[in-house]
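Visitor: below is the sequence, then the predicted model.
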Amino acid sequence: MAAGSLVLDGPDRPGTPPAAPARGGELVASYRSEPVSFNRHLASRAADDLFSRLTQGRLVRRHRITNEIEPRLAESWALADDGLTYTLALRRNVRFSDGEPFTSADVLFSFRAVYDDATNSQLAGELKIGGAPLDVSAPDDHTVVIRFPSPFGPGLRILDGLPILPRHKLEAALDEGRLREMWGTSTPPSELAGLGPFVLAEYTPGQRLVFARNQNFWARDAAGVQLPYLDRLVVETVPEQNVEMLRLESGQLDLTTDEARPEDVAAFRRAAEAGRLQLVDVGIAIDPNLMWINLRPDLKASDSKRAWLQSEDFRRAISHAVDRDVFVNTVYLGAAEPIFGPVTPSYGIWYTPDLPVYAFDRTRAGSLLNGLGLADATGDGVLEDRSAAPVRFSLITQKGNNVRERSAAVIQDQLRQVGIVVDVVGLDQGAVFQRFSTGDYDAIFFGVDITDPDPALMAEFWLSSGAFHFWNPGQATPATEWEARIDDLMRRHVTSLDLDERRDLFAEAQRILAEHVPVLYFAAPHVYVAVSPRVANATPAVTKPQVLWNAEVLAVKGGG
């Protein structure tokens, strides 16, 4: 492990922090955006989720290092023989930050808020199985019974996203259909209450959020010391990433909520060797960028262009034509691994290494293109189709995102070498979404954040009816036989309670996807996390927020 690296492994299990440090002190983090609401039901951006995780509690939490579900407000649970019903035992003597007791009534209220039609919660879809809500009841103040509408392989993992809200603060608003009006960013901190490790002490729009220790937080460390260790956590709003990284390297920040960019890693390594930073390669990302071609039947293109652009062999030719080693070195400056599909080694048990690949081979790419009737009839280095039109398509990507812009440029250059002209179009993120949603594009290079590697929680990508089945989303019925096969495999995967069976089913779904290559992957970056030498007890993860996911155990070396 490199000099100055973070503690990743404890003696008993990965991610276990070392011996308890002294309490006290303040750490300064940065985020490139800020919450649009303090009400998680209304806001789904990463900054809103971070605010919620710092100030509100969950029944269970996915441990970002072990990937196991760990107890939080629910201290234990049992699954009934029917495979549908979980009985959760809640912790006793837990209080909200304002001193009010936490009971099962708060859990029932939180589920009611999620499923309330007037609230129209951003979280509702994530807490339904096959479109049906969970049935939640409470036989007493410290027991909650959750019955799933159908078998669901991930089980209680879906509760990681549900903040438990204070019924005593918000029930009247929910009863009156006004929950959407509650807890906007102008709400005084004194009116908020939560079960998280911190409370909001101060908010200056566009500048910072200041969090103070929740004096009523329930968790204690192995020695019985109440968490969190920190007195305060300051989250500065720093929209510009260049500024953010300079402030981290100069010691003005203790940590950022994003990983280091490829262009920052070399400087951070030197800073780590000099003792000015701690730097670690956490692992390979689970959410690599991807390229997809529009396979929707309403693609706005001529018939001749549609014939080759939507061909499976055209996608295979692209995969063969791109030298992934060049991609890794140019886009990520070597800090990445070549890949051919969406599931990287950081998915753990879900990763299947022996899948079909269309590796770098320009001769094979040329043969596939010729087989589609594409040839350089004029000798100018550009292929033409049977109608004598040049083989040319546009590739949309996110303007201002350095990695995506470099990626598109590499794809453009690599495909030019086999006679395909790619016109790169940079748009802001909103415009990319708009073009995707309307189907007005040839191809897109983009990416989405993955928060949990369990494939059942990514059904919107794998199922043909899914909104993020990028190449042809929202199909009423599967457009191809192979998509129908994946649908069947994934539905069985989602409903199976046998882990080995789920793993086998998903491996077959990956194999079919790799064979038909509807999406193209080229590289997955290594996730580098840098923090100041002041930070103790960090256990960074490959998923966001890399360091603040367990902020209650972060500490200042020496206590202040």
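Guide: Good, I have the coordinates.
Visitor: Leu227 contacts Asn550, doesn't it?
Guide: No: taking contacts as CB atoms under 8 Å, Leu227 lies outside contact range of Asn550: 9.6 Å. C-beta: built from backbone N, CA, C; applies to glycine.
Visitor: the two: which is more packed in?
Guide: Neighbours were counted for Leu227 and for Asn550 using other CB atoms under 10 Å; Asn550 has more, 24 against 21.
Visitor: touching, the more buried one and Thr539? I think so.
Guide: Yes: Asn550 lies in contact with Thr539 (CB under 8 Å); the separation is 6.4 Å.
Visitor: which residues do those two both contact?
Guide: Arg64 (CB atoms under 8 Å, 6 or more residues apart in numbering).
Visitor: so what does the residue nearest to Arg324 when sequence neighbours are not counted look like in phi/psi?
Guide: Leaving aside its chain neighbours, Arg324 sits nearest to Pro338 (3.6 Å; criterion: CB to CB, 6 or more residues apart in numbering). Main-chain dihedrals, Pro338, degrees, to the nearest 10: phi -60, psi 140.
Visitor: pretty sure Pro338 contacts Ala523?
Guide: Yes: using CB under 8 Å, Pro338 is in contact with Ala523, at 5.8 Å.
Visitor: neighbour count for those two, which is higher?
Guide: When Pro338 and Ala523 are compared for neighbours, Ala523 comes out ahead with 26 against 18, by other CB under 10 Å.
Visitor: for the residue lying closest to the more buried one once chain neighbours are set aside, which residues are in contact?
Guide: Excluding the flanking residues, the one nearest Ala523 by CB to CB, 6+ apart is Ala336, at 4.3 Å. Residues in contact with Ala336, defined by CB under 8 Å, 6+ apart, are 262, 328, 523-526.
Visitor: of those residues, buried ones?
Guide: Buried by 16 or more other CB atoms under 10 Å: 262, 328, 523-526, out of the contacts of Ala336.
Visitor: quick one: which of those residues sit in strands?
Guide: With DSSP state E as the criterion, strands contain 523-526 from among the buried ones among the contacts of Ala336.
Visitor: now, the most widely separated pair of those?
Guide: Ala523 and His526 (10.1 Å; CB to CB).
Visitor: so what sits against both of the two?
Guide: Applying CB under 8 Å, 6+ apart, one finds that Ala523 and His526 are jointly contacted by 332, 336-337.
Visitor: and which of these is nearest Ala78?
Guide: Looking across these and measuring by CB to CB, the closest to Ala78 is Glu337, at 40.4 Å.
Visitor: on the three-state scheme, the closest one is what?
Guide: When classified by DSSP: H, G, I helix; E, B strand; the rest coil, Glu337 comes out as strand.
Visitor: let me see the contact set for it.
Guide: Glu337 neighbours (CB under 8 Å, 6+ apart): 284, 328, 344-345, 523-524, 526.
Visitor: which stretch of helix or strand covers the residue sitting furthest away from the middle of the chain?
Guide: The centre of the chain is farthest from one residue, Thr378, which by CA atoms, centre = their mean lies 46.7 Å away. Assigned by DSSP states H and E, Thr378 falls within no helix or strand.
Visitor: got the phi and psi for it?
Guide: Per degrees, to the nearest 10, the backbone of Thr378 is at phi -100, psi -10.
Visitor: my guess is it contacts Glu384. True?
Guide: Yes: the pair formed by Thr378 and Glu384 meets the contact definition of CB under 8 Å, at 6.8 Å.
Visitor: ok, back up a step: let's have the contacts of Ala336 in CSV, adding pLDDT.
Guide: Output for these, formatted as CSV (pLDDT from 0 to 100):
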residue, pLDDT
Pro262, 92
Val328, 98
Ala523, 98
Ala524, 97
Pro525, 97
His526, 96
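Visitor: and the furthest pair within those residues?
Guide: Pro262 and Ala524 (12.3 Å).
Visitor: what segments of the chain are helices?
Guide: Ranges of helices in the chain, per DSSP state H, are 46-55, 104-115, 167-175, 241-249, 262-273, 303-309, 312-321, 324-331, 362-371, 402-416, 429-438, 459-462, 481-495, 499-516.
Visitor: in a markdown table: those helices, plus distance to Glu70.
Guide: Converted to a markdown table, these look like this (distance: least, CB to CB, whole Å):
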| stretch | distance to Glu70 |
| --- | --- |
| helix 46-55 | 14 |
| helix 104-115 | 18 |
| helix 167-175 | 25 |
| helix 241-249 | 29 |
| helix 262-273 | 30 |
| helix 303-309 | 47 |
| helix 312-321 | 39 |
| helix 324-331 | 35 |
| helix 362-371 | 47 |
| helix 402-416 | 32 |
| helix 429-438 | 33 |
| helix 459-462 | 24 |
| helix 481-495 | 23 |
| helix 499-516 | 18 |
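Visitor: the residue nearest the centre of the chain and Ser346: what is the separation?
Guide: When CA atoms, centre = their mean is applied to the chain, the residue found nearest the centroid is Ile450 (2.5 Å). Distance of Ile450 to Ser346, given as CB to CB, to the nearest Å: 10 Å.
Visitor: mind listing the shared neighbours of those two?
Guide: In contact with both Ile450 and Ser346: Ile286, using CB under 8 Å, 6+ apart.
Visitor: how about the nearest residue to Glu244 once chain neighbours are set aside, what does it touch?
Guide: Residue nearest to Glu244 in three dimensions, not counting chain neighbours: Val238, with 4.4 Å by CB to CB, 6+ apart. Taking CB under 8 Å, 6+ apart, we find Val238 in contact with 30-32, 244, 247, 253.
Visitor: equivalent analysis for Ser33, please.
Guide: 45-47, 237, 239.
Visitor: ok, now with 10 Å
Guide: Ser33 is in contact with 45-48, 50, 237-239, 257, counting by CB atoms under 10 Å, 6 or more residues apart in numbering.
Visitor: state the pair within these that is farthest apart.
Guide: Taking CB to CB, no two of the contacts of Ser33 sit farther apart than Asp48 and Val238, at 17.4 Å.
Visitor: give me the pLDDT for Ala388.
Guide: Ala388 is assigned 95 on the pLDDT scale.
Visitor: show me what contacts it?
Guide: With CB under 10 Å, 6+ apart, Ala388 has these contacts: 304, 377-378.
Visitor: and for Ala260?
Guide: Per CB under 10 Å, 6+ apart, neighbours of Ala260: 241, 245, 248-249, 266-269, 277, 279, 281, 335, 525-530, 546.
Visitor: okay, it and Leu73: tell me how far apart.
Guide: 34 Å.
Visitor: check Pro188 too.
Guide: 26 Å.
Visitor: for Tyr332, same thing?
Guide: From Tyr332 to Leu73 the distance is 40 Å (CB to CB).
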